[in-house]
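S.K.: Pasting a predicted model and its sequence here:
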Amino acid sequence: MMTYKIQYKKSVEKDLRRIPIVLQKKIRSEIDKLKSNPFKRGAIKIHGYENYFRLRIGEYRVIYNVHKQIEVLIVVKVGHRKNVYKFY
């Protein structure tokens, strides 16, 4: 079974600091689970963007890009659902 390497855009750490600590831990845990299956149930492809997906974690969303060939998943944005889609 493939294990994907997870990378973060620099801005994601800033995004996470704006979220309550309890939720940060939950979000980090859910991101970590993507290592084994970035296409897991609940991960939805973002229309109009090739290889971009969103993961719903309560009121928050994780936007990430999957590079199958090199087995890398890049987390590009984390934020509240009302704000995160302004960029995608």
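M.R.: Noted; the coordinates are in hand. Residues are numbered from 1 along each chain as shown.
S.K.: Can you show me the strands along the chain?
M.R.: Assigned by DSSP state E, the chain shows strands spanning 5-8, 43-45, 52-57, 60-67, 72-80.
S.K.: Can you report how many residues neighbour Gln7?
M.R.: Burial measure for Gln7: 14 neighbouring residues, criterion other CB atoms under 10 Å. All C-beta spots, glycine's among them, are computed from the backbone N, C-alpha and C.
S.K.: Ile70 is in contact with that one, correct?
M.R.: No. Proximity of Gln7 to Ile70 does not meet the contact threshold set by CB atoms under 8 Å, at 10.6 Å.
S.K.: Now the common contact residues for those two.
M.R.: Between them, Gln7 and Ile70 share no contacting residue under CB atoms under 8 Å, 6 or more residues apart in numbering.
S.K.: And for the helix or strand of the chain with the lowest mean pLDDT, what's in contact with it?
M.R.: Least confident helix or strand of the chain, by mean pLDDT, DSSP states H and E, is helix 81-84 with a mean of 90. With contacts defined as CB under 8 Å, 6+ apart, helix 81-84 is touched by 54, 56, 59-61, 63, 77-78.
S.K.: tell me which residues of that helix are tucked away?
M.R.: For helix 81-84, the neighbour count (16 or more other CB atoms under 10 Å) marks Val84 as buried.
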